[in-house]
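Undergrad: With the input below, show me the fold.
(one chain, ligands or ions: 3)
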Amino acid sequence: MPRPSIVFFIVILVISLFLFLHALSTRLSWPLAIHPDSAQVVVEDDSAAQFELDADFTDHSSHTSPFKHTHHVSPSSAQSHSASTFTRKIVAVGDLHGDMPNAQSVLEMAGVVDEEGNWTGDVDFFVQTGDIIDRGDDTIKLYDFMDKLRVQAQAVGGTVLSHLGNHEWMNVIGDWRYVHPSEIKTFGSTAARQTMLSTGRIGKSWAANYTTTSRLPLHASLGPPNTDYDPNDTSPLSHAAISFVHGGLSPTYSDLTPFPSRINDLGHSLLRKLQFQHPLPPPSPPNPYPGLPRTATQAEHRLYDANGPLWYRGWALEPEESVCSRVDEVLQKTGTRRMIMGHTPDFQKIVSRCDGKIIIIDTGISHAYGGALSALSIEYTLSPASELAVHSTEKVWIEREVVKAVYFDREVVLADDEQQVTGNFA
Ligand SMILES: *[C@@H]1O[C@H](CO)[C@@H](O)[C@H](O)[C@H]1NC(C)=O
Ligand SMILES: *[C@@H]1O[C@H](CO)[C@@H](O)[C@H](O)[C@H]1NC(C)=O
Ligand SMILES: *[C@@H]1O[C@H](CO)[C@@H](O)[C@H](O)[C@H]1NC(C)=O
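TA: Ligands and ions are numbered 1, 2, ... in the order given. As a prediction, the model looks like this:
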């Protein structure tokens, strides 16, 4: 009788499909690296919270303004491109995790590089928020790509701002839980990989050209990137800057100021201690977790703590009320208008919270996750309110900042803020 065997076949098919989908969702719900000091149970909480977040905040991308005195205008009214109009274009990309083809795609999509992977010169700043390493095999290619872009950018007045994520730190510490064996082969051996990340080409690049956080001014009058915020600055542009960090700047982290030099000084000294250990501790697994060097100070331990800038997930995972009630305090202290970070992925989209004051740009770009290919674009303009005003000393200016999430099939405006400012900014 054919009938029972067909029923049996269908039942088996349905069960396998269910198991397959279950395996897939388990894999996707396990994206978060675990801080070495945390118990396993924390992961489950985290990923559960992230799933709630996905459900809760789907439509909460904000289109309203973080400025106090703001009104929205039609694009045409801000397009007065007189000689004294200042513009700055920034593109930021989150976690890349060992996937060179997807990194190239995203940078090309955002106009940072051409189809050959060369700097286009169409953006002023390209920012990467860390976690280039682990979960994929293209570690060497990606760091070399970043180094090439840094030099090409500099030649035409552009800047690449690179950050160390918790995965860069894990690797230099010897916490190799998320390293693929096939990736180690691209270095030749475990020892060769250790050397490359400490005193070799990649390690030297980290020490010279990567920071743990940065403060990027929107306007040139605030100085070059990573100029400390001066709390005594009363100019209307004093906070016209954005912070970038891998995990997040927790409101209870005690080394926020002076921003960003305090955090970056701690990062430099800790990186140096790690890279110049003799001998380098054997990586874990299979060896025990080496931890920070004995010489690490308390402040250096706090830097790498779960509440520190590399691992903090509060801005991504905590409920809207508690996050939005604390964000201004951190923006005030750091002299910034927005905080941009990676680390806690949403596989569909860039997440904007609290009117775009918090933007989380990790969308699982690497094929290890299969998330959305995304980039954040920020276009800033400061233009004279009227041509007549150009020759007086105290001028009225129109300041505009447009923040967009860019994907292959669409762009989403996360903030479009405009305000008048008075001063001499020419
Ligand atoms: C573009 O990149 C290729 C390969 O990376 C290089 O050989 C070439 O010289 C670059 N072109 C320009 C104009 O820089
Ligand atoms: C750091 O970047 C500059 C370009 O900005 C480059 O000339 C230099 O070689 C880089 N240093 C290292 C150690 O990679
Ligand atoms: C701010 O001003 C006060 C008083 O004038 C001064 O003591 C302090 O050093 C200033 N702070 C900075 C960061 O310049």
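Undergrad: how about the helices of the protein, start to end?
TA: Using DSSP state H, the helices assigned to the chain run over residues 2-28, 41-56, 100-109, 139-155, 166-173, 181-185, 190-198, 201-209, 261-275, 298-303, 314-317, 320-334.
Undergrad: and the ones you listed, which one's lowest on average pLDDT?
TA: Here the lowest mean pLDDT among the helices of the chain goes to helix 41-56, at a mean of 35.
Undergrad: Identify the residue nearest the geometric centre of the chain.
TA: Nearest to the geometric centre of the chain sits residue 129, at 3.1 Å (C-alpha atoms, centre = their mean).
Undergrad: what about the closest residue to it other than its chain neighbours, distance to residue 271?
TA: Nearest non-adjacent residue to residue 129, counting by C-beta to C-beta, 6 or more residues apart in numbering: residue 342, 4.0 Å away. C-beta coordinates here come from the backbone N, C-alpha and C atoms, glycine included. Distance, residue 342 to residue 271, using C-beta to C-beta, to the nearest Å: 19 Å.
Undergrad: Mind checking which of the two has more residues around it?
TA: Using other C-beta atoms under 10 Å as the criterion, residue 342 and residue 271 rank with residue 342 on top: 28 against 22.
Undergrad: Could you measure from the residue nearest to the centre of the chain over to ligand 2?
TA: Distance of residue 129 to ligand 2, given as C-beta to the nearest ligand atom, to the nearest Å: 18 Å.
Undergrad: Just to check, that residue is in contact with residue 248?
TA: No: taking contacts as C-beta atoms under 8 Å, residue 129 lies outside contact range of residue 248: 10.6 Å.
Undergrad: any common contacting residues for the two?
TA: Counting by C-beta atoms under 8 Å, 6 or more residues apart in numbering, the common neighbours of residue 129 and residue 248 are 341, 343.
Undergrad: burial measure for residue 332, as a count.
TA: Residues contacting residue 332 under the criterion other C-beta under 10 Å number 12.
Undergrad: Let me see the confidence value for the closest residue to it other than its chain neighbours.
TA: Distance criterion C-beta to C-beta, 6+ apart; nearest residue to residue 332, sequence neighbours excluded, is residue 239 at 7.8 Å. On the pLDDT scale, residue 239 is placed at 97.
Undergrad: Please shift the residue numbers so they start at 899 in all later answers.
TA: Sure thing, new numbering starts at 899, so read that last one as residue 1137.
Undergrad: Pull the contacting residues for residue 1137.
TA: By C-beta under 8 Å, 6+ apart, the neighbours of residue 1137 are 1229, 1230, 1233, 1234, 1235.
Undergrad: List only those of the residues you listed flagged as buried.
TA: Neighbour-count burial (16 or more other C-beta atoms under 10 Å) applied to those gives 1229, 1233, 1234, 1235.
Undergrad: From those, pick the one nearest ligand 1.
TA: Nearest to ligand 1, judged by C-beta to the nearest ligand atom, of the buried ones among the contacts of residue 1137 is residue 1234 at 33.9 Å.
Undergrad: Contact partners for that closest one?
TA: 1113, 1127, 1137, 1139, 1140, 1141, 1157.
Undergrad: now the residues you listed as a markdown table including distance to ligand 2?
TA: Formatted as a markdown table, the contacts of residue 1234 follow (distance: C-beta to the nearest ligand atom, whole Å):
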| residue | distance to ligand 2 |
| --- | --- |
| 1113 | 18 |
| 1127 | 24 |
| 1137 | 27 |
| 1139 | 21 |
| 1140 | 20 |
| 1141 | 21 |
| 1157 | 23 |
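Undergrad: Number of residues surrounding the residue of the stretch 1049-1198 of the chain found nearest ligand 3?
TA: Using C-beta to the nearest ligand atom, residue 1130 is the residue of the stretch 1049-1198 of the chain that sits closest to ligand 3, at 3.7 Å. When neighbours are counted by other C-beta under 10 Å, residue 1130 registers 6.
Undergrad: again, but for the one 3 residues further on
TA: Applying other C-beta under 10 Å, we find 15 other residues in the vicinity of residue 1133.
Undergrad: Spit out the contact partners of the residue of the stretch 1149-1298 of the chain found nearest ligand 2.
TA: The stretch 1149-1298 of the chain approaches ligand 2 most closely through residue 1173 (12.2 Å), counting by C-beta to the nearest ligand atom. Neighbouring residues of residue 1173 by C-beta under 8 Å, 6+ apart: 1070, 1095, 1096, 1097, 1101, 1105.
Undergrad: which residues touch the residue nearest to the second one when sequence neighbours are not counted?
TA: Sequence neighbours aside, residue 1101 is the residue nearest to residue 1095 in space, at 5.0 Å (criterion: C-beta to C-beta, 6+ apart). Neighbouring residues of residue 1101 by C-beta under 8 Å, 6+ apart: 1070, 1093, 1094, 1095, 1173.
Undergrad: could those residues go into JSON lines alongside distance to ligand 1?
TA: Converted to JSON lines, those look like this (distance: C-beta to the nearest ligand atom, whole Å):
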{"residue": "1070", "distance to ligand 1": "28"}
{"residue": "1093", "distance to ligand 1": "26"}
{"residue": "1094", "distance to ligand 1": "21"}
{"residue": "1095", "distance to ligand 1": "24"}
{"residue": "1173", "distance to ligand 1": "28"}
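Undergrad: give me every residue that touches the nearest residue to residue 1172 once chain neighbours are set aside.
TA: Among residues not flanking residue 1172 along the chain, residue 1070 sits closest, at 4.8 Å (C-beta to C-beta, 6+ apart). Counting by C-beta under 8 Å, 6+ apart, residue 1070 touches 1095, 1096, 1101, 1104, 1169, 1172, 1173.
Undergrad: and of the residues you listed, the nearest to residue 1046?
TA: residue 1104 (15.8 Å; C-beta to C-beta).
Undergrad: Quick check: residues of the stretch 999-1148 of the chain near ligand 3?
TA: Proximity of the stretch 999-1148 of the chain to ligand 3, by C-beta under 6 Å from any ligand atom, involves residues 1128, 1129, 1130.
Undergrad: Is it possible to get a markdown table of the residues you listed that adds pLDDT?
TA: Output for those, formatted as a markdown table (pLDDT from 0 to 100):
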| residue | pLDDT |
| --- | --- |
| 1128 | 96 |
| 1129 | 96 |
| 1130 | 95 |
